[in-house]
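Asker: return atomic coordinates for the entry below.
(2 chains)
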Amino acid sequence: MKFVDEYRDPQLAGRLVAQLHQAATRTWTVMEVCGGQTHTLVRSGIDRMIPEGIRLVHGPGCPVCVTPLELIDRALEIAARPEVTFCSFGDMLRVPGSSRDLLRVRAAGGDVRIVYSPLDAVRIAQTHADRDVVFFAVGFETTAPATALAIRQARQLGLRNFSMLVSHVLVPPAMEMILSAPKNCVQGFLAARHVCTIMGYEMYHDLAATIHAPIVVTGFEPVDLLEGLLMLVKQLEAGRHVVENQYARSVQREGNRHAQQAIADVYEVCDRPWRGLGVLPKSGLRLRQAYHDMDAERRYPSSAAASIEPAECRSGEVLLGLLRPDQCEAFGTRCTPEHPLGAPMVSSEGACAAYWKYGRRLPV
Amino acid sequence: MCLGVPGRVVERCATPNGDLAAGFVEFDGLRRKVCLELVPEAAAGDYVIVHAGIAIHTIDTTEAERLLKHLHEIDEFEIPAEPTP
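Answerer: Next comes the predicted model:
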């Protein structure tokens, strides 16, 4: 595929690995905040090719994983209502709530559907006027314009049977939180590429300066990641901490203004709880007042049953980069993709899922 | 979640007033209708990144090719044959 295959060229990757070995003279800890990058790093074995001194720590780069249990339980409750057709991206279906997941709701007769685009959910609402269609709007800044357009389209069509359960989160507040945490060991960031495609990377300049850590906006093919790592290591070695852009073919300084406008028209910034990180100020999006009638949280009453996290799941520490998935005692034994304790083991972008899928299991 | 797939715009569709702009995009032989509301500049032949059925960016082909060229030009003589661990 054009503009994909070229960035998987093993010869190019080999040269970049060699350059990394030359560039790194000390030990450095760097974090990526994108589940796609986590999976590429583990799948292509980059984590085992780079100099031993460079430690890769996987951050909260998977929106499915950081969605708090309370909201998953809320989604399950709404999805189980007989009048509701519940639409979601596929990643969410196996994420465990307190007692079940969306697939089990479906097995019990709930109308739960996987959609590729939020606009598909609007289309379902349009063609099924007798059903209340609810879309589970999960995702970072990358996905928010898509769900904002869905709201706009539903309003334009005058649909009264469409609403969204919104769980959008923003990346920069999480990066800031990680660097200011007392146990932090992260010295530099690979910034999530598509988030920056939408938002640009202006906001990272202040962040890099205050926290004294370099940030490199990086793509997620193996060659992209190696080049991003090389740029980051060169900065760390030189004692610099500025924002650089490896992914110039799709990220521009100012981002996509049309997408930012779509977000601003429909959403406002709010405080949001993240799994493992707690409530982060100004770290999420919620519907503006003009769209409160399409807010599923307002439309459907909550049962107020308490959410119960499995005590053994340490996904909070994994998401903060304090624990590697294979260092968790439950990893690969009491927690597998078939029987997950927490979201990072089932989400297609979860760090635990990456370690499981690409053979980073404990020796049997 | 933030998965974006590059595809080539085949044609923009005429959309009724008020509807979101749309067009057909080809992904390695597969053709799908995609929302082009956020990339008003994208024309037939351009490559766009599509996320959740919505094009979020037009790829700068000059930049993409420049990077590839630059990477291919990395001088092999600078690099030791066996990377030292």
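
Asker: where does the stretch 51-200 of chain A get nearest to chain B, residue-wise?
Answerer: Per Cβ to the nearest Cβ, A:Ser117 is where the stretch 51-200 of chain A lies closest to chain B, at 2.7 Å. Where you see a C-beta, it was placed from the backbone N, CA and C, and this is true even at glycine.

Asker: that residue touches B:Lys33, doesn't it?
Answerer: No. If you go by Cβ atoms under 8 Å, A:Ser117 and B:Lys33 don't touch, sitting 10.0 Å apart.

Asker: not counting sequence-adjacent ones, nearest residue to the residue of the stretch 51-200 of chain A closest to chain B?
Answerer: By the measure of Cβ to Cβ, 6 or more residues apart in numbering or on different chains, the closest residue to A:Ser117 outside its immediate chain neighbours is B:Gly53, 2.7 Å from it.

Asker: show me which residues of the stretch 101-250 of chain A sit near chain B.
Answerer: A:116-120, A:138-140, A:142-143, A:145-146, A:149, A:152-153, A:156, A:192-195, A:197-198, A:223, A:227, A:248-250 (Cβ under 8 Å from any Cβ of the partner chain).

Asker: A:Glu227 and A:Leu16 touch, don't they?
Answerer: Yes. Using Cβ under 8 Å, A:Glu227 is in contact with A:Leu16, at 5.9 Å.

Asker: got a list of what whatever residue of chain B ends up closest to chain A touches?
Answerer: In chain B, the residue that lies nearest chain A is B:Gly53 (2.7 Å; Cβ to the nearest Cβ). Going by Cβ atoms under 8 Å, 6 or more residues apart in numbering or on different chains, B:Gly53 touches A:116-120, A:146, B:32, B:34-35.

Asker: state the distance from it to A:Thr147.
Answerer: From B:Gly53 over to A:Thr147 the distance is 11 Å, taken as Cβ to Cβ, to the nearest Å.

Asker: could you pull out the buried residues of the helix ranked longest in chain A?
Answerer: Identified as the longest helix of chain A according to DSSP state H is helix A:222-238. By 16 or more other Cβ atoms under 10 Å in any protein chain shown, the buried positions in helix A:222-238 come out as A:222-236.

Asker: take the contacts of B:Gly53 and keep only those in strands.
Answerer: Counting by DSSP state E, these place B:32, B:34-35 in strands.

Asker: picking that back up, what is in contact with B:Gly53 and A:Thr147 at once?
Answerer: A:Pro118.

Asker: phi and psi next, for A:Arg106.
Answerer: Per-residue torsions, A:Arg106: phi -70, psi -40 (degrees, to the nearest 10).

Asker: contacts only, for it.
Answerer: Shown in contact with A:Arg106 (Cβ under 8 Å, 6+ apart): A:79, A:93, A:112.

Asker: counting neighbours, what do you get for the residue in the stretch 201-350 of chain A that chain B sits nearest to?
Answerer: Chain B sits closest to A:Arg249 of the stretch 201-350 of chain A, with a gap of 3.8 Å, by Cβ to the nearest Cβ. By other Cβ atoms under 10 Å in any protein chain shown, 27 other residues sit near A:Arg249.

Asker: do A:Gln289 as well
Answerer: 9.

Asker: one step back: is it true that the residue of the stretch 201-350 of chain A closest to chain B touches B:His57?
Answerer: No. With contact defined as Cβ under 8 Å, A:Arg249 and B:His57 do not form a contacting pair (9.2 Å).

Asker: what's the end-to-end length of stretch A:116-132?
Answerer: In stretch A:116-132, first residue to last residue: 19 Å (Cα to Cα, to the nearest Å).

Asker: please identify the residue most distant from the middle of chain A.
Answerer: A:Asp130 (33.5 Å; Cα atoms, centre = their mean).

Asker: ok, back up a step: more neighbours: A:Ser117 and B:Lys33, which one.
Answerer: Each of A:Ser117 and B:Lys33 has its neighbours counted (other Cβ under 10 Å); A:Ser117 has more, 23 against 12.

Asker: distance of the more buried one from A:Gly90?
Answerer: 12 Å.

Asker: keeping just the C-alphas, turn the strand ranked longest in chain B into PDB.
Answerer: Using DSSP E, we find that the single longest strand of chain B is strand B:5-12. C-alpha atoms of strand B:5-12 as PDB (Å, rounded to 0.1, in the frame of the first residue of the first chain):
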ATOM      1  CA  VAL B   5      -5.500   4.400   6.700                       C
ATOM      2  CA  PRO B   6      -4.100   6.200   3.700                       C
ATOM      3  CA  GLY B   7      -6.200   6.100   0.500                       C
ATOM      4  CA  ARG B   8      -6.500   7.900  -2.800                       C
ATOM      5  CA  VAL B   9      -9.400  10.100  -3.500                       C
ATOM      6  CA  VAL B  10     -11.100   8.800  -6.700                       C
ATOM      7  CA  GLU B  11     -13.900  11.400  -6.900                       C
ATOM      8  CA  ARG B  12     -15.700  13.900  -4.800                       C
END
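
Asker: next SSE after the helix or strand hosting A:Pro281?
Answerer: Counting by DSSP states H and E, the element that carries A:Pro281 is strand A:278-287. Remark: after strand A:278-287, the chain's next helix or strand is helix A:296-299, criterion DSSP H and E.

Asker: could you tell me which residues within the helix or strand following that next one count as buried?
Answerer: Following helix A:296-299 in sequence order, the next helix or strand is helix A:315-320 (DSSP H and E). Neighbour-count burial for helix A:315-320, counted by 16+ other Cβ under 10 Å, picks out A:315-316, A:318-320.

Asker: hmm, helix A:315-320 in reach of chain B?
Answerer: No. Between helix A:315-320 and chain B, judged by Cβ under 8 Å from any Cβ, nothing touches; the nearest distance is 14.0 Å.

Asker: who are the packing partners of that helix?
Answerer: Contacts defined by 3 or more Cβ pairs under 8 Å, 6 or more residues apart in numbering or on different chains; DSSP states H and E place helix A:315-320 against helix A:63-66, helix A:343-346, helix A:351-357.

Asker: which stretches of the chain have low pLDDT?
Answerer: Went with chain A since none was named. For chain A, residues meeting the criterion pLDDT under 70 lie at A:1-4, A:250, A:362-364.

Asker: I was thinking of chain B, sorry if that wasn't clear
Answerer: Filtered on pLDDT under 70, chain B yields the residue ranges B:1, B:63-85.

Asker: before we move on, back to that, of the buried residues of helix A:222-238, closest to B:Gly23?
Answerer: Closest approach between the buried residues of helix A:222-238 and B:Gly23, by Cβ to Cβ: A:Asp224, at 26.9 Å.

Asker: wait, that closest one touches A:Tyr7, no?
Answerer: Yes. The pair A:Asp224 / A:Tyr7 is scored as a contact, 5.5 Å apart, by Cβ under 8 Å.

Asker: can you give me the strands in chain A?
Answerer: Using DSSP E, the strands of chain A run over A:28-32, A:54-58, A:84-88, A:111-114, A:132-139, A:162-168, A:188-192, A:215-218, A:243-245, A:267-274, A:278-287.
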